[in-house]
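Visitor: sequence? don't have it. structure:
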């Protein structure tokens with residue numbers, strides 16, 4: 001069985017695809033796997049790092065302005081679909097799996113063109129163009145938020161086992177020691193996604209003084225594209241966090257954006273969150289974290305209304321109230337889906353086997 005993943009562009013589209021591929025190799029080791037994607041996104045180094053072949057189709061985002069690139073976009077897309085189709089035929093693909101984003105579109109159209117079964121997964125509260133298109137081409141649709149796409153089954157977002165099955169309590173002392181954080185004081189983890197979040201960083205930098213003065217320690221991932229501030233007692237800024245499992249285990253509370261992967265990870269590990277949805281796209285981030293907030297597992301504040309004063313007051317109201325912190329942790333944990341990677345992998349095997357029969 002050969003499975004082709006159509007994925008790329010951002011970490012939000014690529015990471016769950018890689019997690020599913022890893023799970024597929026665990027439950028069906030004889031499977032061969034390849035990825036089709038673009039030539040500019042994170043897939044160009046993340047896919048080879050995980051040991052999978054990447055076939056670059058040259059997929060590009062849809063141009064938002066009428067210029068030379070826009071005029072050449074249709075022909076460029078046709079060429080990308082042909083390249084993806086050639087790979088599906090050459091590899092004798094049994095199924096194509098995609099998680100949305102512009103880099104998945106050639107793979108989706110190639111699956112339809114070659115009559116290869118297509119499975120798509122929508123992680124956000126609102127589907128983007130690629131998955132709305134893909135949903136017209138296949139009956140095999142999985143969604144995290146029920147009702148987002150028609151005729152879809154519920155399917156959690158595939159996570160890395162190190163995150164999905166993290167025992168925060170058992171790892172807490174090791175995690176605090178790893179970061180050089182005190183064992184007996186509250187810790188707040190701040191991050192804005194794989195690229196960081198400039199406005200979130202600015203607000204946090206203004207709130208640091210009040211938080212540290214109240215005895216709160218802050219572990220702050222500012223993002224690789226942003227300058228790292230000077231550390232100070234109680235404040236540890238870093239460019240990027242490789243060991244997110246240790247960051248989650250060390251944290252009592254998280255301040256973050258509302259990407260689908262972030263929401264899935266925080267509920268899986270049971271960490272309360274202060275969610276600040278990124279104010280771009282079609283509003284999907286706001287809908288991603290709203291069910292967690294409604295269940296009592298966090299707070300949500302718009303980017304426009306976020307202020308250092310509100311952030312400081314809200315953080316202290318949680319971390320200084322142990323019973324409230326524990327109740328919010330339980331609420332977040334109750335929404336976690338920790339076996340979605342293997343459930344999705346089993347679904348892929350079933351679809352491929354039905355085609356072979």
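Guide: Structure received. Not measured: the values here are computed from a predicted model.

Visitor: please count neighbours and contacts with C-alpha atoms only from this point.
Guide: OK.

Visitor: would you map the helices across the stretch 151-300 of the chain?
Guide: In the stretch 151-300 of the chain, the helices defined using DSSP state H, counting those that start in this stretch lie at 161-164, 168-179, 198-213, 244-250, 260-269, 284-294.

Visitor: got those helices as CSV, with distance to residue 315 and mean pLDDT columns?
Guide: Putting those into CSV (distance: least, CA to CA, whole Å; pLDDT from 0 to 100) gives the following:
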stretch, distance to residue 315, mean pLDDT
helix 161-164, 24, 98
helix 168-179, 19, 97
helix 198-213, 8, 96
helix 244-250, 16, 98
helix 260-269, 16, 97
helix 284-294, 15, 96
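
Visitor: which one of those helices lies nearest to residue 342?
Guide: Minimum separation from residue 342 across the helices of the stretch 151-300 of the chain (CA to CA) falls at helix 161-164, 10.0 Å.

Visitor: tell me which residues in the closest one are buried?
Guide: Neighbour counts over helix 161-164 (16 or more other CA atoms under 10 Å) mark 163-164 as buried.

Visitor: could you do stretch 92-106 as well?
Guide: The neighbour-count criterion (16+ other CA under 10 Å) identifies 93-106 as the buried residues of stretch 92-106.

Visitor: out of these, list just those in strands.
Guide: For those, the ones inside strands are 95-98, with DSSP state E as the criterion.

Visitor: nearest residue to the middle of this protein?
Guide: Per CA atoms, centre = their mean, the C-alpha nearest to the average position across the chain is that of residue 261, at 2.6 Å.

Visitor: what sits against that residue?
Guide: Taking CA atoms under 8 Å, 6 or more residues apart in numbering as the criterion, residue 261 is in contact with 12, 16, 157, 159.

Visitor: save the helices of the stretch 151-300 of the chain as TSV, and put in distance to residue 139 too.
Guide: Listed next are the helices of the stretch 151-300 of the chain as TSV, based on distance: least, CA to CA, whole Å:
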stretch	distance to residue 139
helix 161-164	28
helix 168-179	38
helix 198-213	40
helix 244-250	35
helix 260-269	23
helix 284-294	23
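
Visitor: please name whichever of these is nearest to residue 118.
Guide: Evaluated over the helices of the stretch 151-300 of the chain, closeness to residue 118 peaks at helix 260-269, with 21.8 Å, by CA to CA.

Visitor: residue ranges in the protein under the pLDDT threshold?
Guide: Applying pLDDT under 70 to the chain flags residues 60-76, 194-196.

Visitor: in it, which spans are strands?
Guide: Listed in chain order, the strands of the chain (DSSP E) span 2-6, 32-37, 53-56, 95-98, 118-122, 140-143, 153-154, 187-191, 217-221, 235-238, 253-256, 273-275, 298-300.

Visitor: run a quick neighbour tally on residue 350.
Guide: By other CA atoms under 10 Å, the residues close to residue 350 number 12.

Visitor: an error on my part: the question was meant for residue 48.
Guide: By other CA under 10 Å, the residues close to residue 48 number 12.

Visitor: show me the contacts for it.
Guide: Under the criterion of CA under 8 Å, 6+ apart, the neighbours of residue 48 are residue 54.

Visitor: tell me how far it lies from residue 33.
Guide: Here the criterion is CA to CA, to the nearest Å. By it, residue 48 lies 12 Å from residue 33.

Visitor: give me the domain ranges for this structure.
Guide: In the domain annotation for the chain, the residue ranges read 2-159+338-356, 161-334 (automatic domain parsing).

Visitor: from the chain's centroid, how far away is the last one?
Guide: Which is domain 161-334. Computed by CA atoms, centre = their mean, to the nearest Å, the chain-centroid distance of domain 161-334 equals 15 Å.
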